[in-house]
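# Predicted coordinates and the sequence they were generated for:
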Amino acid sequence: MADEKILSYKCPACGSPLTYDTSGKLVCGACSNEFEVEAVKKFNEENTGEQGFDWGGYKEKFETGSEKLENTRVYVCKFCGAAIETDGTTAATHCPYCDNEVIISEQLSGSIKPNAVIPFSVDKKAAIESVKNHFKGKKLLPSDFGNEYELGKIQGIYVPFWLFDSGIDGTTNINATNRRYYSDSDYNYTETKHYLVSLDGSMEFSRIPVDGSEKMDDDLMDALEPFDYSGLKEFNPAYLSGFLADRFDDDPDESLPRASSRMDTSARAVFLDCASEFDSASIKNTNYHLVDPSVKYVLLPVYLLNLKYKEKNYRFAVNGQTGKVVGELPISKWKCFLRFAMLFAPVAAIVSTIAYFIVR
C-alpha cells in the first residue's frame with residue numbers, strides 16, 4: 001500500500017510523474033504536457049488549510065513532545081511500492097528503485113510547514129554553465145579539474161532558511177577625534193581633540209537570512225546571497241517535485257544569535273556613519289537589545305556540487321535564483337611553478353647579463 005505520508009505528483013493526462021520546471025510549470029516527462037502548479041495541486045491533493053510555521057506554536061509542540069524530529073524514517077513509494085529510507089531532515093528525494101520524485105508531506109506539514117518558497121529559476125544546464133564560467137580565466141586551475149561527467153552530478157536542493165524580522169534599540173558609544181595642523185617659525189604642531197560620542201537609536205531589520213540546516217556550510221550559504229525575496233511564493237509542495245529538499249534541523253532559537261550578530265554589524269556601520277564629521281571614529285561599546293523578533297521559515301533554491309581532486313573535496317554552490325557561484329578552487333602546483341618561471345626568467349637573464357659585464 002502506498003504511504004499516505006508522501007506525495008508524488010502524477011500527470012492528469014497519463015499518470016506519469018511530474019517535475020517542476022524553471023518555466024514555472026509542472027512537466028510530464030512521458031507525454032510532455034505542461035500544467036500550472038495550482039491546477040495540479042487541486043488534482044492531486046486536498047487543501048489542508050494549514051497556516052505554516054509559527055515560532056511560538058512550534059516551541060510549544062516541541063517542548064511537550066507532540067512534535068518530534070526523528071533521525072530516520074522509512075516510507076513506501078506510491079509508484080513501485082519499494083521502501084524508501086531517509087534521514088530525519090529529508091523533505092523531497094528520488095525513489096532509488098523507480099526514480100520517481102517523492103515529497104515527504106509529513107516533513108512539510110503542521111507546525112513545520114514552510115511559510116514560503118523561492119522556486120528554482122535557473123535550470124540544471126544553466127547552473128553547470130555558471131560553474132564553467134566560474135572556472136574561466138583561473139590561470140592556476142588544474143586542467144583536469146571538473147570534467148563534464150563530474151559537473152553533471154550537480155544537484156538542485158531546497159535549503160531551509162530562517163528569515164528574521166526584528167527591531168534593534170540601544171546605545172552606542174564612539175571614540176572620535178579631530179586633528180588640526182599648524183606651524184610657527186620654529187615648529188610644526190598637531191592638535192588632537194578627543195570626543196566621546198553617545199548615540200541612542202533604534203532600527204528595523206527585515207528578512208535577515210540564516211540557513212537552518214546543520215549539513216550546510218554557513219559561510220558557503222552566506223556567500224550565496226543576495227536572494228531576491230520579492231520572488232517568495234506561498235509554499236506549495238509541487239515546487240519541490242524533481243528536486244531534493246531538507247527540513248530544518250537548526251531551530252530559530254539556535255539561529256537567532258547569528259541573525260542578531262548580522263544586525264549588530266549593520267547597526268555599528270550606521271552609527272559609525274553618524275560620526276563621519278570627525279577625522280576618526282571607532283566603536284567603544286554598544287548596548288543593544290532586540291525588539292519583537294519574529295521569523296518565517298522558507299525554502300531557498302541552491303545547486304550543490306562536490307568535486308574531488310588530489311584526495312580533497314571541493315564544494316561549490318550555485319544560487320538557484322540568480323546563478324551566482326561560490327566555492328574554493330584548487331591550484332595547480334605545476335602551473336604555479338611555470339608561471340613563476342615565466343615571470344622571473346627575464347629578470348634572471350638581465351641580472352646575469354649585468355653580472356657578466358661587471359666581472360669583465
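Yep, it's here.
# what comes up buried for stretch 75-85?
75-79, 84 (16 or more other Cβ atoms under 10 Å). Heads up, the C-betas are built off the backbone N, CA and C, glycines and all.
# Dig out what the closest residue to H194 other than its chain neighbours forms beta bridges with.
Counting by Cβ to Cβ, 6 or more residues apart in numbering, H194 lies nearest to T177, which is 5.5 Å off, once chain neighbours are set aside. Note on T177: beta-bridge partners by DSSP bridges are H194, S280.
# quick revisit: nearest to N285 among the buried residues of stretch 75-85?
Y75 (53.2 Å; Cβ to Cβ).
# Quick check, pLDDT for the closest one.
pLDDT, Y75: 76.
# Relative to I84, how far out is it?
Y75 sits at a distance of 5 Å from I84 (criterion: Cβ to Cβ, to the nearest Å).
# go on, R207?
In terms of Cβ to Cβ, R207 sits 34 Å off from I84.
# And the strands in the stretch 1-150 of the chain, which stretches?
Along the stretch 1-150 of the chain, the segments classed as strands by DSSP state E, counting those that start in this stretch run 6-7, 18-20, 25-28, 34-36, 72-76, 83-87, 90-94, 101-104, 116-117.
# Could you list the low-pLDDT ranges of the protein?
Residue ranges of the chain with pLDDT under 70: 1-5, 40-50, 61-72, 97, 332-360.
# residues touching the residue lying closest to L151 once chain neighbours are set aside, list them.
Once flanking residues are discounted, L151 sits nearest to I128: 5.0 Å by Cβ to Cβ, 6+ apart. Neighbour list for I128: 151-152, 154 [criterion: Cβ atoms under 8 Å, 6 or more residues apart in numbering].
# circling back: dump the strands of the stretch 1-150 of the chain to a markdown table, plus distance to Y181.
Shown next, in a markdown table, are the strands of the stretch 1-150 of the chain (distance: least, Cβ to Cβ, whole Å):
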| stretch | distance to Y181 |
| --- | --- |
| strand 6-7 | 73 |
| strand 18-20 | 66 |
| strand 25-28 | 68 |
| strand 34-36 | 71 |
| strand 72-76 | 71 |
| strand 83-87 | 66 |
| strand 90-94 | 64 |
| strand 101-104 | 69 |
| strand 116-117 | 57 |
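# List just the one of the ones you listed that sits closest to L272.
strand 116-117 (33.9 Å).
# Show me how far that closest one is from its chain's centre.
Chain-centre distance of strand 116-117: 14 Å, with Cα atoms, centre = their mean, to the nearest Å.
# what's that strand in contact with?
52, 158, 232-236, 239-240, 296, 298-300.
# which of these lies closest to A92?
Taking the contacts of strand 116-117 together and measuring to A92 by Cβ to Cβ, the closest member is L240, at 4.1 Å.
# My read is that that closest one contacts A92, right?
Yes. Contact status for L240 versus A92: in contact at 4.1 Å, counting by Cβ atoms under 8 Å.
# out of the two, which sits in the more crowded spot?
Between L240 and A92, L240 has the larger neighbour count (other Cβ atoms under 10 Å), namely 30 against 27.
# mind listing what the more buried one touches?
L240 neighbours (Cβ under 8 Å, 6+ apart): 20, 91-92, 103, 108, 117, 158, 299.
# Thanks a lot, see you next time.
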